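**Student:** Sharing a model prediction with you, sequence too.
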Amino acid sequence: MTNWDNLVSGDALKDISEERKQTNIKERVKKDEILSREKNGWSSTGKPYKDASIMMTKKKEIGSSFEDEVWTMFYNMGFTVMNKTDDFVMSYSETNPNLTKQIDVIAIDDEVCLFIECKETEIIDNTTTWKKDLESINGYYGGLCNEIKKKYPNRKCKYIFATKNYILGDQDIGRMNDFRIANFDYDTVLYYKELVHQLGTSAKYQLLGSLFSGQTIKGMKSDVPAIEGKMGGLTYYSFSIEPAKLLKIAYVLHRNNANHDLMPTYQRLIKADRLKKIRKFINDGGYFPNSLIISIDSGGRKLQFDQSSLKVENSVSKIGILHLPKTYQSAYVIDGQHRLYGYSDSKYAYSNSVPVVAFVDMSKQTQVKMFMDINENQKSVSKSLRNTLDIDLLWDSENMSERQKAIMLYIAQKLGEDSKSPLYGRVVTGENTSTTKRCITIEYIKNALEKSCFFNEYKKNKNELIKQGCFEKNTNDETANILYPFISKCLTTISEFCSSEWDKGSLGFLTINNSIYAILRIIDDITKIVLDETKTQIINDWKDFYSKCEDYILSLADTINSLDEESIASIKNAKGGSAKNTSWRVLQVALNKANPQFINDDLANYIKEYNTNYNPSASEKLTLIEKTLRDLVENEFVNTKDWIFTNTPDNIRQRITSLKANQELINRHNGIDEKLSEWDFVSFNEIMEMAGYKSNWSEHFQKILIKKNLNTNKPDVLIWLKDLGQCKNLISNGKRITMTQYEEIEEAIKAFCGDSVTESTKVKL
């Protein structure tokens, strides 16, 4: 039998909510029970009472905590009748009332009754199947609806299967659709919790629109005086309506995981502080003269518009009575959600009217474009949200470059929103905010994919194909179906073998922008290597291709686990425009050392150019070149009286004399008796400045170069001297010079010192 006394409302419901919203259970425990309670996870709070008893708390059990979380969410939405405890049972058989079903959460108001079953586990579970549970629900669902209507007639009913940390398979999701059971994964629960926080009881409109989409709202009067017109080839109606009426049929396509099935979605989540200000403004008598923009979903039926007999000659507009759909989720709000929801719970929700421009059956893509156009110059539309909107806007673009941008953004977004992805909850998408775990941006993932061989390459701003992409198919959908699972599988392997570091988010070095960019670039490197090894150009079976890449991916995971502190610091601390490439190169070089088979021409050239330590040999050679060049210049100026005054710029003379004076002071202090010359303080930089000063070039420096059979073009020589000076400064500051710079130094030492270079100056690889 149904235990109706377990249902509560009014003040009793409010009292229950105070207990339900707590994360811990609290109880006064007698002295002789304290020890046993502590062994079972209870902890004491406060001081003992006079009888030595004490207040103790314990975190709620897994099942209870999730049930209470869900129960509280529905309570905060304004449902007026709910179950007191989880002992509520309902009869579902007309012939045998003793056949009952326990209900975790029941939420009832004047219009609907919701039955909610909650399933929670501590760790992610993607193996459990709910076939029997769902089939059982389908068996007694009708009986529950009949039973509840005996006490609460005329309610629409819905069964909700809410889960936390369970990842449902496609078959279970299919069963829910077949049995008309609503699937609330934890993303959906969090979305409605946040919506309740922002909207309060008005969040119920969004919930009902989702649960009962397309179903009739009983007793609703939907006729409004309107003007019919045409704009941009679209039919629209202009009218005014009471906010309370529009709220019932309105739906906002928030860009959030909970609305994933309704893609494309484009709206930002409503902000509570802004909504409060708008509501206060309205309650104080304020109003908004500009129109809300909506798109009416006719459900495939032509909207009824009763044209008035009154007409205006030569006008393309018509006046009459518009019959709005009396169904949930039949009006999508494109612009004005804050204004509309500002009227909810206000004293003018029924007595005021708001102006509306309503288009009919506007495609979601067109809605997205209109939203983007309206908000083009508003900074409040974040880069992250614009990126996600571009997925829908550009997916089928005639411009192939735009279409490729869409699929790259789609893959980046899906990596963050797909519950089976190793980056689930790690990528900032839509209006989500950054956290310690969610710290990877769509932009970094897109940038890595842009550099890959996965996609076709086209001429800039043209659809002319330059190079075929190895994963590219006829459409974005086909390409995504083969490329996304390949990338996800590669990242899954790395996450499993590097699990400790993977879980740290921004507190570690692996699941941050720089590293994810680097890993994706290396997955591309591996793809190119395997394509060459297997003589393949186009990938048709991603699983087969992954199996050929797996050894390299595992080697990459091992490399990540054994990275030295210097490499980790280089990745984690890299900043600015070069940060992405720095991180990629660090990981590339480390993987090559661990697995020499990981090599291509680009990496080989990079290692030779940038990763060989030329500094020790270069330093010795630069010292020798500088001394030789200085001696040649000194000999040239030997007969020039007061050269330091007549043949050097003022700033150079001051620097040389200052350095000489400081060194003489240091020598005297240390008891060193050494005669110093100004020439001892002439370096590449000073020689370069002297060479370009007044007539020094034609009267002195050309003679030196001619004797050595060297280039006498002044600009070339000055640049050459400057480059040698920069190399010396780089080495002095502990920075490595490149192979190209080293080769320039070798040319210089041959020019001034000949080929008889000592063994000690040879490069140490």
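**Tutor:** All right, it came through fine. For clarity, every value in this text was computed on a predicted model and none was experimentally measured. Numbering: from 1, shown residues only.
**Student:** Around the nearest residue to residue 110 once chain neighbours are set aside, how many other residues sit close by?
**Tutor:** Counting by C-beta to C-beta, 6 or more residues apart in numbering, the nearest residue to residue 110 once its immediate chain neighbours are dropped is residue 80, at 7.6 Å. Yep, even glycine has a C-beta here, placed from its N, CA and C like the rest. Neighbour count of residue 80, defined by other C-beta atoms under 10 Å: 13.
**Student:** next one: the one 4 residues further on
**Tutor:** Burial of residue 84, expressed as a neighbour count using other C-beta under 10 Å, amounts to 17.
**Student:** The one 5 residues further on too?
**Tutor:** Burial measure for residue 89: 15 neighbouring residues, criterion other C-beta under 10 Å.
**Student:** Tell me, what's the model's pLDDT at the residue nearest to residue 110?
**Tutor:** For residue 80, the pLDDT comes out at 95.
**Student:** Wait, residue 93 touches residue 143, no?
**Tutor:** Yes - with contacts counted by C-beta atoms under 8 Å, residue 93 reaches residue 143, the gap being 5.7 Å.
**Student:** Tell me which of those two has more neighbours.
**Tutor:** In terms of neighbours (other C-beta under 10 Å), residue 143 is the more surrounded of residue 93 and residue 143; the figures are 17 against 14.
**Student:** Can you name the next helix or strand after the helix or strand harbouring the more buried one?
**Tutor:** Assigned by DSSP states H and E, residue 143 belongs to helix 131-151. Counting by DSSP H and E, the element after helix 131-151 in chain order, helix or strand, is strand 156-166.
**Student:** Quick check: next helix or strand after that next one?
**Tutor:** Taking DSSP H and E, what comes next after strand 156-166 is helix 170-179.
**Student:** Would you map the strands across the stretch 451-600 of the chain?
**Tutor:** Assigned by DSSP state E, counting those that start in this stretch, the strands in the stretch 451-600 of the chain fall at 457-458, 465-467.
**Student:** Which residues does the shortest one contact?
**Tutor:** Counting contacts by C-beta atoms under 8 Å, 6 or more residues apart in numbering, the residues outside strand 457-458 that touch it are 400, 401, 404, 464, 465, 466, 467, 469.
**Student:** go again using 6 Å as the cut-off
**Tutor:** 400, 401, 466, 467 (C-beta atoms under 6 Å, 6 or more residues apart in numbering).
**Student:** Each with direction, which strands does that strand pair with?
**Tutor:** strand 465-467 (antiparallel) (DSSP bridges).
**Student:** Flag the shaky bits of the stretch 451-600 of the chain, pLDDT-wise.
**Tutor:** Applying pLDDT under 70 to the stretch 451-600 of the chain flags no residue at all.
**Student:** And the chain, by the same measure?
**Tutor:** 254-274, 375-386, 388-389, 392-393, 430-431, 610-611, 739, 755-765.
**Student:** Now do the domain split for it, please.
**Tutor:** By the assignment in automatic domain parsing, the chain contains the domains 4-23+60-184, 214-374, 383-611, 615-761.
**Student:** on that earlier part again, got the buried residues for the helix holding residue 143?
**Tutor:** 133, 134, 137, 138, 140, 141, 143, 144, 145, 147, 148 (16 or more other C-beta atoms under 10 Å).
**Student:** So which of these is the closest to residue 326?
**Tutor:** Nearest to residue 326 among these: residue 145, at 21.3 Å, using C-beta to C-beta.
**Student:** Look up how far residue 699 lies from residue 419.
**Tutor:** Note on residue 419: its distance to residue 699, by C-beta to C-beta, to the nearest Å, is 79 Å.
**Student:** Of the two, which one has the most company?
**Tutor:** Neighbour count, other C-beta under 10 Å: between residue 419 and residue 699, residue 419 has more, with 16 against 12.
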